Structures are given as structure tokens and as C-alpha cells.
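# everything below, folded, please.
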Amino acid sequence: MKATGVHPRCADQPGSYWVDYYAWHDVHPNARIRALVGGRVPNSVPSTFLIKGLVEVSVGSPKIVLTASASEASEWRHSIWQQMLSATIPAKHAHRWRSPELLNNESWPDGRAKYVPNGLRMVETLLLREYSEDDVVVCYLENLEKFIGPETKVVAIHAHNPLGISYATDVYSKIAGKNLIPVNAAEFLKIVKHPVIEKYRPKIVIGGPGAWQLERADRLDEFNVDYLIDGEIERVFSDLFKRMMVGDPTLERIIKVPKSMQPTVEEIPVVRHRSTFGVVEITRGCGRGCQFCGPATKVGRSFPLEHIMDSARVNAGEGATEIMLATEDMFLYEQLPNFETNTSALETMLKGVKSVPGIETLQMSHITMAPVVKDPTVIERLTPLIVPYSHVQHKESTDPDHRMTDPIIGLETGSSRLFDIFMKGKAYPYKAHQWRDVVLKGMETLNKHNWFPFCTFIIGLPGETDADTKESLNLLYDLRDAKGTFVPTFFVPLENTRMKQKESAKLIEMTDLQWEFFYTCWKYNLHFWKGTKSTMKFSLGVPFYYYMLGRKLFGDGIKYPLYRFAGVPDRFMRKHLYLDFTGYKRSDGVMQAPVNEIQPGFQSVREKGLNLIDASQLHHIAPPVNVGAEAVPAASN
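Now for the predicted structure:
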């Protein structure tokens, strides 16, 4: 918008301004000035808006400001896993190890955020049912001072990993030294300690998948948090927020929305504005029952196709060129009983999303390996709808443009014993003792079709023995020719899981075998992404790190795994390491699994020993109800 004259007018309305002349310019579609047709801007309009850089008019402040840390909002490299891993870097050393672009996010001319995590967009959307766009602002850290003011009642902060203590983050920051915090935690602290928040003291509300960290660390008082929300909020939000705004004394400070109140997909609205990575939810929940995972205990619910299409259009309409299909497992979309993959429904959905004008690329989030093995034709049919539309390229891809897709897969362990205890449903319809073969056969099928997954392992599961770690190392050795990324994480007991009372794995207690697993994974990754000659640059740096810091922090057990990572030949370290790669040369071809066909060990999710919730149990979700004060906990006297 362009204004040639803006001046005070009407002495009876102090703070009011008149826009005499204007012409349209490319501004945020909800910029308040758009609705003013040469008329008065009353002092009740709570905003600061910019008119073509010529004049800034500030009148009041919005009632509600929503924000997220720069690292969580970032679309860096168009990769969710690269964004997450980069945020594990110790903040103290971040300027050396990461691109400054990681924390550079785009705002609209009026200062509102162009994109933020999808969970925060959902909160905004729910608020806009009760409040106007004038009253609700979503912005980044650098614009908090522009919007927070005396009229601001609530600042709501999205928390994915606010203290940096989730699976990977805490580990990688601690490797560089004691008492270091990762980028994620440092960026969160910048928000809660912002001078403008301390000046005006609005109510602080924190929610998101990592909000539990603040409760567990007992830091709510330190950050002046008024309310912490944990759980799916769509069904209870309206009543809950009203009670927060008025300071209802019966409302507890820590609000845990029970699983019984999880919303149906009909209760979940289409977000009003663009999300980071153009996230579009296609399912919620999983139902495979892994004990360390919250969504695994909830039935997988699929969003209607029109809901998905509308969400994609919203993102594209506000500048997104990529859509990330968010799901705990893509193969659960419109699933059939017994976790049968509905390939036709997936094909229809993918064709629809990529047909939205403006969308150029698609990004996958999570999948599981068992459906790939049970029916390999699923990958054959979906590949033409996914791989050519990926932004990721790799020289080993056989796609004409070397494109590949990198969905996230939780492999977790190679130990059939630990697998049977903590995650047996992950392999369904196969049994725990078949997991190694399932992983290898599934990886062969995926790689054949240019699916090079991002695979996670969990080190330090409760009760893990050296024998268990050796099984994981054996699986890792069998994957030596696989195309993918292998990221070791450390067990953290997450909230809303069956293992929340367990002890976290500790770096100082890592065994020699666990360190070998850890650094062998990263040697694989280095070779896959940078080539076998890339380890030469670490040849001098790693010994220096070991003698100056690593040995002091973690003991001698880290030495030989580190040396393998740095490229020291295994023939010099055979007596100190479990695996031996002497004479091995990485193959550029498709890895070959040791088995051709695997017979399912289960025929139904109802069989004894399983704890699964499949699509046939969708009716267990209660229909929408009127939600009163009893829906959330009341404060105890």
C-alpha cells in the first residue's frame, strides 16, 4: 500500500489518524490497513502497520500475541530433520557450525510472521473463532516489541523442545562440553526473558509437544509461566482460553488434556495461515503401541481429503511452494483394518495436493518399515507421485534429476529382546525376532525406488545390555551399503508415554559398544552425503578433540570409535572395536537383503500379546460434546 498523506484528524478522537490517499501494494492479506478506504483509523485498532515504508502508524496493542523460537519456525534447507539437527548445536559455538540463515525467518510488511509451526497456527485458528485478526498477532522474536503492549493480555509460546532435552538435542550439545545449551533452548530463553514481556507482564501460556520439559525441570516460576498446556486442545480450547483470560482461580496452572478428550477430525479446523514447511496434517495418532511414544497410544485418524486440500491451498496462497505431509506414519492414511495400507487413497491424496497451484515440491514426514515389506507395490505405485516432486537430490539416485525422498523411520534397535519389550507393534504383522529381516528387506525396496530414509536409533533403552548393543551393531553392519541417514539418539522418557517414569540414558554412562554404535552411524552419514574422502578433514581434528576434551568428558571408551569416524583404518583397531570394516568398500548399487520373502507372524491385531489400536476402533473416539469446566482439571484446594 502506498500513502501520500497521513495526518492527525478529529480532535475528539485522540490517537486517530486519517489516510487521505492510498494505492494497493503487496502486503499481508490480513494487514489491517487493507480495510481502510480513505477513512479514519480509530484508536481501538490494536496494531502497528507500515505503509510502503513512508510512515508508521502505531495504535494500541493486540490482546493476544503468539510466537515461536526462530529455530522452530525455520524452513532452513527445506528439511525438517536438518532443521531439527541444526538446532542441537551448542548455542555458544553455533556461529562456527551453522549457517546464519537457520534463524532468518520472513515476516510480512506489518511485522506478522509469514510461517510458524503448525501447532501455533492451529492455536491462532481456534482463537480467530472468538477474536478478530486485530486482536490476535503471530510474530517472531524480533517483532515482539512492536506488538506487545499495555493492552496485551496473553503471550502464547509454542514449545517443541524449549530446554533442549529431547532425544537428540541434549546429547549433541553436551559432546562439545559441560553446561552447554543447544540453539533451541537459547532461542526459547530469548523469548521468555524478552524485556517487553517483563515490562508489560502479560499472562504467559506455553504449549506444544515439548511443554512438559518445563514442568519436569521445575522452571515454571523462573519463566513466570501462568499456564502450561499438554495434549490435543481442539475440543477444549474455547472454554479453556476464556478461563485463562479472566484468571479463573479454579483452573490449574498445569493443564493436561486427557486422551479421552482427543478431538475427532471433524473438530479440527483448517488452519487460517501458512505453516513452517507448508505443513498439512493428513493423519493424527498411530496406534502401534510403542511404549516410548505418545502418538503410538492413540488411534490413527485420517483427515478428509477436502480438509487436506484446503490446508494445502491456504499454504500455497500465502507463498508456500512446498507441502510437508505431516503424519506419524503416511501408510496409516485412510488405513484399513489390521493396518492394511490404502494405496489408492494415498494416490488420490498425493495427486490432489501436488495439483494445487503454486505447489512445486512435496516433503514426507514419517513412515514405518513393515508396510513396505508386506506389500512392496505400495512403494512402486507411490514413487512417481513423490520422488520427482522432492527438493532433495543425491548423486546415487537413479531418478533422471537425481531426486530422492527422505522420510523419517524409527528403527530404534537391532535387539529383538528390547524390540519385543518396548515396540513389538512397530513390526506388525511381523514378530520381534523378524525385525532385522524386515529392516533389511524394507531398506532394499525403498532404496530401489530412490527412497533414502532418515532413520533413528535409540541408545540406552532401559535394561539395555552389551548383548543388545551388539545386535544393534550387527544390524548397522548389515546396513553398510544402504542409502540413507542413520541418527543415534539417547533414550529420554517423554511425557504421555508408558515410559515417562523411566530414567533417561546418560552420556557419562555410555559403554564402549554404545560409543562405537554412535560414531559408526555418523561415519556412514559422512560417507553417504560427502563421500569416503570426506573423513580426511577430521584426521587431525578428532585426536585433538579426544585429548583436549573428549577423554575428560567421557573417558577412554570414546577413543577408538572416534578414530573410526576420523578415518583411521579398522585394521589398526581390531582389538578395540566390535565391528571390523577391514577391506570393505562401499557399494554404489542397491543393497541386497539376505531374505527374499518374510512370512507374517501375526494375522490380526487382536492376537494375544499385541497392544494395537487400528482403524476398526475409530468408534472409540467420543463424538463432539459441550465442554464445560469439568473438561480440564480444576485447582485443588
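# ok, longest helix in the chain?
Longest helix of the chain, by residue count under DSSP state H: helix 512-530.
# can you pull the buried residues of whichever helix or strand comes after that helix?
Following helix 512-530 in sequence order, the next helix or strand is helix 541-545 (DSSP states H and E). Across helix 541-545, burial judged by 16 or more other C-beta atoms under 10 Å covers 542-543, 545. Every residue, glycine included, has its C-beta placed from N, CA and C.
# and if you look at stretch 65-83?
Residues of stretch 65-83 classed as buried: 65-76, 78-83 (neighbour count, 16+ other C-beta under 10 Å).
# can you pull the alpha-carbon coordinates of that stretch into PDB?
Provided in PDB are the C-alpha atoms of stretch 65-83 (Å, rounded to 0.1, in the frame of the first residue of the first chain):
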ATOM      1  CA  VAL A  65       0.400 -12.400  20.800                       C
ATOM      2  CA  LEU A  66       1.600 -15.800  19.600                       C
ATOM      3  CA  THR A  67       5.200 -16.700  19.000                       C
ATOM      4  CA  ALA A  68       7.700 -19.500  18.500                       C
ATOM      5  CA  SER A  69      11.500 -19.600  18.600                       C
ATOM      6  CA  ALA A  70      13.400 -18.800  15.400                       C
ATOM      7  CA  SER A  71      14.900 -22.300  15.300                       C
ATOM      8  CA  GLU A  72      11.500 -24.000  15.500                       C
ATOM      9  CA  ALA A  73       9.900 -21.700  12.900                       C
ATOM     10  CA  SER A  74      12.800 -22.000  10.400                       C
ATOM     11  CA  GLU A  75      12.400 -23.500   7.000                       C
ATOM     12  CA  TRP A  76      16.200 -24.000   6.600                       C
ATOM     13  CA  ARG A  77      17.200 -26.100   3.700                       C
ATOM     14  CA  HIS A  78      13.500 -27.200   3.300                       C
ATOM     15  CA  SER A  79      14.300 -30.200   5.500                       C
ATOM     16  CA  ILE A  80      12.600 -30.900   8.800                       C
ATOM     17  CA  TRP A  81      15.400 -33.200  10.000                       C
ATOM     18  CA  GLN A  82      18.200 -30.800   9.000                       C
ATOM     19  CA  GLN A  83      16.300 -28.000  10.900                       C
END
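# returning to that earlier point: packing partners for the longest helix of the chain?
Contacts defined by 3 or more C-beta pairs under 8 Å, 6 or more residues apart in numbering; DSSP states H and E place helix 512-530 against strand 454-459, helix 466-478, strand 485-490, helix 559-565.
# and for the residue lying closest to F303 once chain neighbours are set aside, the neighbour number?
Of all residues not flanking F303 in the chain, V265 sits nearest, at 5.1 Å (C-beta to C-beta, 6 or more residues apart in numbering). If you count neighbours by other C-beta atoms under 10 Å, V265 ends up with 16.
# got phi/psi on V265?
Dihedral angles of V265 (phi, psi; degrees, to the nearest 10) stand at phi -60, psi -30.
# surely it meets R301?
Yes - in this structure, V265 is within contact of R301 by C-beta atoms under 8 Å, at 5.2 Å.
# next, show the common contact partners of these two.
Listed as contacting both V265 and R301 by C-beta atoms under 8 Å, 6 or more residues apart in numbering are R284.
# before we move on, the earlier item: mind putting the helices and strands packed on helix 512-530 into a markdown table with mean pLDDT, mean neighbour count and distance to L382?
As requested, those are arranged in a markdown table below (pLDDT from 0 to 100; neighbours: other C-beta atoms under 10 Å; distance: least, C-beta to C-beta, whole Å):
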| stretch | mean pLDDT | mean neighbour count | distance to L382 |
| --- | --- | --- | --- |
| strand 454-459 | 96 | 22 | 17 |
| helix 466-478 | 98 | 18 | 25 |
| strand 485-490 | 94 | 22 | 20 |
| helix 559-565 | 95 | 22 | 35 |
